[in-house]
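**Student:** Kindly generate the corresponding structure for this input.
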Amino acid sequence: MTPLGGVGYDYIMKSIQQRLNNIAGQVEGIKKMVDRNQDCLKILIQLKATKAAIGSVMDTVVEEQFESCLKSVKNEDKKLLIKIKKYVQSN
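**Tutor:** Alright, predicted model coming up:
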């Protein structure tokens, strides 16, 4: 796991931010496609790509930030986070 605040951490956070910006751009593109009544199949393909991109960001957060996140939450919230991690890893 990458230490909180280290060089690796900064790189990962910038990577996640860039990927989220890309996803936001994809969503805007999909909205325009819907506004223009474009082909349903093309829209679905873009939605699937966006879903995969979001899943990839989720995986990165779970893999790289989970332990740090777990340390910073209340005990009662730890069980929920562990369930979320298992869910993300299984899907």
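
**Student:** C-alpha from now on. contacts and neighbour counts both.
**Tutor:** Fine.

**Student:** I'd like the average pLDDT over the helix or strand that Glu64 is a member of.
**Tutor:** Secondary structure assignment for Glu64, by DSSP states H and E: helix 40-71. Averaged across helix 40-71, the pLDDT comes to 89.

**Student:** same for the helix or strand following that helix, what does it pack against?
**Tutor:** Going down the chain from helix 40-71, the next helix or strand is helix 75-90, by DSSP H and E. Contact here means 3 or more Cα pairs under 8 Å, 6 or more residues apart in numbering; DSSP states H and E; on that basis helix 75-90 packs against helix 40-71.

**Student:** Centre-most residue in this protein?
**Tutor:** Nearest residue to the geometric centre of the chain (Cα atoms, centre = their mean): Val57, 2.9 Å.

**Student:** For it, which residues are in contact?
**Tutor:** Contacts for Val57 were tallied using Cα atoms under 8 Å, 6 or more residues apart in numbering; they are Ile16, Arg19, Leu20.

**Student:** Distance check, Gly29 against Leu47.
**Tutor:** 10 Å (Cα to Cα, to the nearest Å).

**Student:** Met33 now?
**Tutor:** 11 Å.

**Student:** Same question for Leu70.
**Tutor:** 31 Å.

**Student:** same deal with Val62?
**Tutor:** Distance from Val62 to Leu47, by Cα to Cα: 22 Å.

**Student:** Which pLDDT value goes with Ile84?
**Tutor:** For Ile84, pLDDT reads 82.

**Student:** Give me the neighbour count for it.
**Tutor:** 13 (other Cα atoms under 10 Å).

**Student:** what's the answer for Leu20, then?
**Tutor:** Quick note: Leu20 (other Cα under 10 Å) scores 15 neighbours.
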